[in-house]
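>>> pasting the sequence and the predicted coordinates here, then a few questions.
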Amino acid sequence: MRYLLSQKMSNSSALSLLAGLILTVACPSAVSADLVTNGNFETVGPNGPQTFHNGISSLGWSAADQWAVFHNANGSTETNWGTYDDFDLPVIDGSQDPFTDHVIRAEVSHAGNGLVTWWGPLGSGPPNATASVWVYVRGPGQVSVGIGNGGMTSVGALTQTINQWELLTFTNNFSPVNEFVIYANSSGAEFYVDFASATGVPEPASAGVGGLGLVTLALFRRRRKTSPQNPV
């Protein structure tokens, strides 16, 4: 990207511009955004608040918007969209309204089946990301979660508890990152999900910041006879 700067720009104006450029390059996380759409499950899916799917492979939308049902094994999945109160669930941290805040429920017959969302085609997305999600497993069962590159998405974390909310945090094992999966890790799992989130990890900024030193030289070499002090 090329920046055209007036030769009459004052030192203070140039330094202000340079500081903004350094902040953008060195701290890209300040402008990073959540990759997941409807990660708080506040929007119902296009087929209504209850869906049933049988078979294998991609089977259609779940009860929550932007989230689909996928089966790696031939089986059945029921999904439901409702409030904490609808499902007789405790709130996670006290900030949720049990009568208006929503979650998604999934009852899955086979391991490797469950929910998936994506934000780009295979081969797209950031090279690395961090993710988190709250999961409540009701009764016996276990849930696995992961982020990755389409079908190349492996387990990033597993639930370790039942009958309580559990926060899972994890990173990707395959790059780039364009998909988020929440699957049963055991047959006959019933689980609830809220606050799914994924954020791209900024690339190392040292090269970009170093390059800005050249911009500094170009700005001031006509004004100063001695070598300018690199502000970086």
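Happy to help now that I have it. As the structure is a computational prediction, the values presented were derived from the model and not from experiment.

>>> contacts, neighbours, all on C-alpha from now
Noted.

>>> remind me what the helix or strand where residue 104 lies packs against, helices and strands.
Using DSSP states H and E, residue 104 maps to strand 102-108. The contact analysis (3 or more CA pairs under 8 Å, 6 or more residues apart in numbering; DSSP states H and E) places strand 102-108 against strand 68-83, strand 189-200.

>>> what pLDDT, on average, does that strand get?
For strand 102-108, mean pLDDT rounds to 98.

>>> immediately after it, which helix or strand?
Scanning forward in sequence from strand 102-108 by DSSP H and E, the next helix or strand is strand 113-118.

>>> now the spatially most central residue of the chain, nearest residue through space, not along the chain?
Nearest to the geometric centre of the chain sits residue 198, at 1.4 Å (CA atoms, centre = their mean). Using CA to CA, 6 or more residues apart in numbering and skipping residues adjacent in sequence, the residue nearest residue 198 is residue 131, 4.1 Å away.

>>> follow-up on the earlier one: looking at the helices and strands packed on strand 102-108, spot the one closest to residue 40.
Within the helices and strands packed on strand 102-108, the stretch nearest residue 40 is strand 189-200; the backing value is 4.5 Å (CA to CA).

>>> the closest one vs strand 102-108, what angle?
Per axes from the mean of the first three to the mean of the last three CA atoms, to 10 degrees, the angle that strand 189-200 makes with strand 102-108 is 120 degrees.

>>> give me the residues contacting strand 189-200.
Strand 189-200 is contacted from outside by 32-36, 39-41, 102-110, 126-143, using CA atoms under 8 Å, 6 or more residues apart in numbering.

>>> the residue nearest to residue 198: how many residues sit nearby?
22 (other CA atoms under 10 Å).
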